[in-house]
Structure formats: structure tokens, C-alpha cells
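Asks: Whatever this is, show me its structure:
(chains A and B)
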Amino acid sequence: KNQVEQSPQSLIILEGKNCTLQCNYTVSPFSNLRWYKQDTGRGPVSLTIMTFSENTKSNGRYTATLDADTKQSSLHITASQLSDSASYICVVRARYGGATNKLIFGTGTLLAVQP
Amino acid sequence: DVKVTQSSRYLVKRTGEKVFLECVQDMDHENMFWYRQDPGLGLRLIYFSYDVKMKEKGDIPEGYSVSREKKERFSLILESASTNQTSMYLCASSRLAGGPNTGELFFGEGSRLTVL
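Replies: This next block holds a predicted model:
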């Protein structure tokens, strides 16, 4: 069964600290993996996309990694800011082809950054 | 700036009422989607459409229907609202599959529906 599991469910850190969010998946065949950030009361916004051949990709203070062999991804946030408080959702696309590729969503990690 | 606009941010309806949720995108995307988001369950796909007048059932279509009469507009319809349909509803759009950014979803702000 195609699944995406994220850990931890929630996390509290102090402003300025780093943190790492985890995403494990069992999706096959794999196409790509995206991390989305969802601010409270808003829709999710894409942070990064990882394809099979990519190991690391950065977007400002956000760095995503992918290990396709172990089917694990992480999102590392450096020097956290209050505005990083949000839910972070891992989404894996299964490669069935065409316009109806299957997206499998994780349930998200809720991050709270405190001053 | 690309945009997906949902017609209502907050709605309160009574059991049995018909509910329309509308979504408009200005990116000329072929694909449009309706998801519901509940705590602990993540996003679940209700319906999607890859072309005008085309629709496909997602994972939880029961109790819902959709309409796509124009490329930019995708409507979600609850024929007879029930309390278990209280949820956050998110509309999204994306380009047709293919290309380096295949599959990025652009979401609306969400519509929080409460059914009493």
C-alpha cells in the first residue's frame, strides 16, 4: 500500500534554532517528492521538489534531502524564524503516467517556533 | 502573481442544505482538484478534473459532485450537507503532467465549512 509517514507529528523549537522534519514513504513507482508549507488558515505552498536523481536541494533556509534507496526524505530548517511556524506536508507522486498521476499526502508536521 | 481563488472562506450550513463551493484559477491550468483536510487525516482527494466537462472520482467522492463548465472554474457541490462533511475544503490546480515542475499544486486559501 502506498503510504507517506511524517515525523514528528508536532515540534516546538526556539527562534534561531535548527530543526529537521522526516518523511518516509512506501510509494512505488516513485516520480517525485514535494514539501509544502501550510500557514494556519491558508492553503499549502510548495517549498521544494525532489526527483529520483536528486539528493539535496535548498530553498533559502530550507534544505530538503532525498534517499531513494531507503525511501526517506528530510526537510532541514536553519536559523528558524517565527514565520516558519506552520504545518509542513510531504507529498509523493507515483509515476503512473498521464495527467492523473497519484499523489500521496503525509499528515504533516506542525512546527511552532517560539521567541 | 498566480492565483487560485475560493469563493467563500467560511460557511455555516444546516443539515440537508445544498452547498456550492466555487474555485477559480487564473493560470490556464488543465488540472483542477478538490480536497478536504481534517486533523490527523491530511488532505484527501474528493474529485479532480483534467479538462472542461471532464471529472474523475478521487478517494472520497461519496456525498459530493463537481462541475467544470469552463477551464478556469471548478465547483464542488454537496447535494445534502451532513455533519460529517464539516471540514476545510481546499481547491488546487496544476499544469498537465510533463515538464520539470510536473505536478506542483497551487492551492486556494481554503473554505471552512461547518454543518450544523
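Asks: for chain A, which spans come out with low pLDDT?
Replies: Applying pLDDT under 70 to chain A flags the ranges A:96-101.
Asks: Can you name the residue of it nearest chain B?
Replies: The minimum distance from chain A to chain B, using C-beta to the nearest C-beta, falls at A:G43 (3.0 Å). For glycine as for every other residue, the C-beta is placed from the backbone atoms N, C-alpha and C.
Asks: For A:K71, see how far away that residue is.
Replies: 27 Å (C-beta to C-beta, to the nearest Å).
Asks: For those two, work out which one has more neighbours and name it.
Replies: Neighbours were counted for A:G43 and for A:K71 using other C-beta atoms under 10 Å in any protein chain shown; A:G43 has more, 21 against 17.
Asks: Just give the nearest non-adjacent residue to the residue of chain A closest to chain B, would you?
Replies: B:F107 (3.0 Å; C-beta to C-beta, 6 or more residues apart in numbering or on different chains).
Asks: Which residue is it, in chain B, that comes closest to chain A?
Replies: For chain B, C-beta to the nearest C-beta, closest residue to chain A: B:F107, 3.0 Å.
Asks: residues near that residue, how many?
Replies: 22.
Asks: Just the pLDDT for the residue nearest to A:G43.
Replies: You'll see B:F107 listed with a pLDDT of 96.
Asks: now it: how far from B:A92?
Replies: Per C-beta to C-beta, B:F107 is found 5 Å from B:A92.
Asks: if we can go back for a sec, list the contacts for the residue of chain A closest to chain B?
Replies: Taking C-beta atoms under 8 Å, 6 or more residues apart in numbering or on different chains as the criterion, A:G43 is in contact with B:4, B:90, B:92, B:107-110.
Asks: And the residue nearest the centre of chain B, its phi and psi?
Replies: For chain B, the residue nearest the mean C-alpha position is B:W34 (2.4 Å; C-alpha atoms, centre = their mean). Dihedral pair for B:W34: phi -120, psi 130, per degrees, to the nearest 10.
Asks: right, and it touches B:F48 too?
Replies: Yes: assessed by C-beta atoms under 8 Å, B:W34 is found in contact with B:F48 at 7.3 Å.
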